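Visitor: structure of the sequence below:
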Amino acid sequence: MSLMSLPKAELHLHIEGTMEPELVFELGARNRIPLPFADVEDLRRRYVFDNLQSFLDLYYAAMDVLRTAEDFSDLARAYLDRAYGQGVRHVELFFDPQPHVDRGVPIEAVVDGLLVALAEAEQAGRMTGGLILCFLRDRGPDEAASVLRAAGSRVGSLIGVGLDSAEVGYPPGAFAEVYARARDLGLRTVAHAGEEGPPSYVWEALDVLEVDRIDHGIRSMEDPELVARLRRDQTPLTVCPLSNVRLGAVDELARHPLARMLAENLMVTVNSDDPAYFGGYLGDNYEACVRELGLDPHQVILLAQNSVNASFAPDERKAVLLAEIAAWTHD
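Guide: Predicted coordinates:
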């Protein structure tokens with residue numbers, strides 16, 4: 001059977017990074033925002049990056065078109081439609097409120113717009129999901145704390161907080177206080193670490209931020225003691241293979257550490273990160289890993305099961321999804 005139909009969860013997905021060039025221009029026209037790109041094809045040609053920062057520069061320029069709750073609903077609907085077609089049955093969406101607030105967009109409009117699309121998908125019986133508010137690490141812990149306070153009236157609508165954006169030079173430990181506050185509010189915690197940053201960032205995310213999951217984490221493989229800890233604790237790692245190649249964290253997919261991570265019995269999951277920019281949604285990532293890394297059917301099923309078990313979905317929802325995966329294997 002096609003890997004596109006394999007039921008799976010997506011745990012590392014930046015909703016702003018799902019904005020295809022066509023939608024950028026559609027929303028730009030709707031909101032009368034001039035774009036620094038000639039047309040859709042001109043923008044698409046720019047989706048080639050030397051590193052994380054070169055991607056972020058374009059990423060923030062494109063998201064400028066997002067201004068209203070309706071825009072965020074349309075953005076999420078477009079992703080959810082594509083994701084459903086690639087087997088996603090549960091998704092935990094990251095969103096970055098800080099650049100939106102900078103443009104005068106209220107956090108409430110961002111959250112409410114995204115929740116509308118998620119509610120529609122759940123009511124249609126297509127997938128479940130939730131929202132993870134991410135802090136931009138390069139803008140510091142004080143601003144992160146302000147954002148968390150500003151989200152006060154919508155905190156009950158979130159499932160967690162995360163830490164993203166430029167990694168090198170911004171160790172996660174600086175955000176200890178805001179993460180403690182988030183836990184006090186009943187939120188789950190995740191953080192980007194070990195993508196471009198060193199293994200020490202993963203240690204800090206675990207020991208100082210006390211995160212439930214590590215986003216990326218591929219450079220953990222450079223530290224045997226860290227690998228042993230991740231294996232012992234079965235800490236989930238939300239790995240993004242096509243993203244790692246596009247941003248130069250890995251030279252080519254055939255050399256990606258995912259297969260070695262599986263061999264070390266780490267709790268790894270596959271995700272798409274910013275799929276509009278990185279050449280593939282979740283099913284595309286699965287297919288590419290099978291093709292380039294030679295993953296066998298057992299490993300593919302394990303990745304799907306890991307994605308469910310590592311999610312923040314209620315136990316009863318996890319049981320349903322795991323049963324769907326088991327049924328898929330027997331069809």
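Visitor: can I get the CA coordinates of stretch 173-182 in PDB?
Guide: Presented in PDB, the C-alpha positions along stretch 173-182 are these (Å, rounded to 0.1, in the frame of the first residue of the first chain):
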ATOM      1  CA  GLY A 173      18.800  27.500  28.900                       C
ATOM      2  CA  ALA A 174      18.100  31.300  28.800                       C
ATOM      3  CA  PHE A 175      14.400  30.500  28.500                       C
ATOM      4  CA  ALA A 176      14.200  28.500  31.800                       C
ATOM      5  CA  GLU A 177      11.900  31.000  33.600                       C
ATOM      6  CA  VAL A 178       9.300  31.300  30.800                       C
ATOM      7  CA  TYR A 179       9.200  27.500  30.400                       C
ATOM      8  CA  ALA A 180       8.600  27.100  34.100                       C
ATOM      9  CA  ARG A 181       5.700  29.500  33.800                       C
ATOM     10  CA  ALA A 182       4.300  27.600  30.900                       C
END
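Visitor: ok, and for it, which residues are buried?
Guide: 173-175, 178-179, 182 (16 or more other Cβ atoms under 10 Å). The way it works is simple: take the backbone N, C-alpha and C, and place the C-beta from them, glycine included.
Visitor: downstream of the lowest-mean-pLDDT helix or strand in the chain, the next helix or strand is which one?
Guide: Ranked by mean pLDDT, DSSP states H and E, the helix or strand of the chain with the weakest confidence is helix 52-62, at a mean of 88. Sequence-wise, the next helix or strand downstream of helix 52-62 (DSSP states H and E) is helix 69-85.
Visitor: after that following helix comes which helix or strand?
Guide: Beyond helix 69-85 in the direction of the C-terminus, DSSP H and E gives the next helix or strand as strand 88-95.
Visitor: which helices and strands sit right next to that next one?
Guide: Under the contact definition 3 or more Cβ pairs under 8 Å, 6 or more residues apart in numbering; DSSP states H and E, strand 88-95 sits against strand 8-14, helix 69-85, helix 107-123, strand 128-136, strand 160-164, helix 315-330.
Visitor: what angle do it and helix 69-85 make?
Guide: Relative orientation of strand 88-95 and helix 69-85, computed by axes from the mean of the first three to the mean of the last three Cα atoms, to 10 degrees: 150 degrees.
Visitor: now the helices for the stretch 151-300 of the chain?
Guide: Along the stretch 151-300 of the chain, the segments classed as helices by DSSP state H, counting those that start in this stretch run 176-184, 199-207, 224-233, 241-246, 258-263, 275-278, 282-293, 297-309.
Visitor: quick one: those as a markdown table, columns for distance to L52 and mean pLDDT too.
Guide: Conversion of the helices of the stretch 151-300 of the chain to a markdown table gives the following (distance: least, Cβ to Cβ, whole Å; pLDDT from 0 to 100):
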| stretch | distance to L52 | mean pLDDT |
| --- | --- | --- |
| helix 176-184 | 22 | 98 |
| helix 199-207 | 13 | 98 |
| helix 224-233 | 21 | 98 |
| helix 241-246 | 10 | 96 |
| helix 258-263 | 19 | 98 |
| helix 275-278 | 11 | 95 |
| helix 282-293 | 18 | 98 |
| helix 297-309 | 24 | 98 |
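Visitor: thinking again about what came up before, out of the helices and strands packed on strand 88-95, which is the most enclosed?
Guide: Scoring the helices and strands packed on strand 88-95 by mean neighbour count under mean count of other Cβ atoms under 10 Å gives strand 8-14 as the most buried, with a mean of 29.
Visitor: pLDDT on the helix or strand following that strand, on average?
Guide: For strand 8-14, the succeeding helix or strand toward the C-terminus, using DSSP H and E, is helix 21-30. The average of the pLDDT scores along helix 21-30 is 97.
Visitor: quick check: next helix or strand after helix 21-30?
Guide: Along the chain past helix 21-30, the next helix or strand (assigned with DSSP H and E) turns out to be helix 40-45.
Visitor: thinking again about what came up before, same for the least confident helix or strand of the chain, what does it pack against?
Guide: helix 275-278.
Visitor: distance between the helix it packs on and the chain's centre?
Guide: Centroid separation for helix 275-278 versus its chain: 12 Å, with Cα atoms, centre = their mean, to the nearest Å.
Visitor: surely A313 touches T128?
Guide: Yes - distance between A313 and T128: 6.3 Å, which falls inside the contact criterion (Cβ atoms under 8 Å).
Visitor: returning to that earlier point: redo the buried residues of stretch 173-182 as a markdown table? Include distance to G162.
Guide: Supplementary listing: the buried residues of stretch 173-182 in a markdown table, determined by distance: Cβ to Cβ, whole Å:
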| residue | distance to G162 |
| --- | --- |
| G173 | 15 |
| A174 | 15 |
| F175 | 10 |
| V178 | 11 |
| Y179 | 10 |
| A182 | 10 |
